[in-house]
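[1] build me a model from this:
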Amino acid sequence: MDSDEKMAKLIAQVLRATYNGQVRWEVSEPPVNLTRATDSFIPLFLTAVYKGHDIVVYEERGKYWTDEDTFNWTASLHFGIVIDLIVVSDYVKYSPVLRELYEEAKKNASNFDSLLDNLLD
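    All right, here's what the predicted structure looks like:
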């Protein structure tokens, strides 16, 4: 099993643990090495601890230049493992499971279900 397959398997495990309430996500500031000297924008950076290791999932928006004057904005989802405030492993392949983890982590970090319950009472 290569490292991409292992990362995909890890993402699925983290998603399952998030569903089961074993992982708690928090909104954090992205590390400086992801935001300095770049045109990229990270609107939401989510962190958690899984089996004693810091993990992250985030969306990165960047410019895709089609000509010297023309660009489009692109978006990609990232999953990574963090050591000493550095994302040492960055999985950025398109994956429905990664999209689901990102969406579930957003809900988890915002405590969305509790918010809805309070609004409905």
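[2] ok so Thr47 is a strand residue?
    Yes - applying DSSP: H, G, I helix; E, B strand; the rest coil, one finds Thr47 inside a strand.
[3] ok, now which ones touch it?
    25-26, 28, 54-56, 82 (Cβ atoms under 8 Å, 6 or more residues apart in numbering). The C-beta positions use only the backbone N, C-alpha and C, and glycine is treated the same way.
[4] at 7 Å instead, please
    By Cβ atoms under 7 Å, 6 or more residues apart in numbering, the residues touching Thr47 are 26, 28, 54, 56.
[5] and the last one, what does it touch?
    With contact taken as Cβ under 7 Å, 6+ apart, Val56 is in contact with 45-47, 80, 82, 87.
[6] the protein: strands as residue ranges?
    Listed in chain order, the strands of the chain (DSSP state E) span 26-28, 41-50, 53-65, 71-83, 86-91.
[7] these two touch, right, Tyr64 and Thr74?
    Yes - the criterion here is Cβ atoms under 7 Å, and Tyr64 meets it with Thr74 at 4.7 Å.
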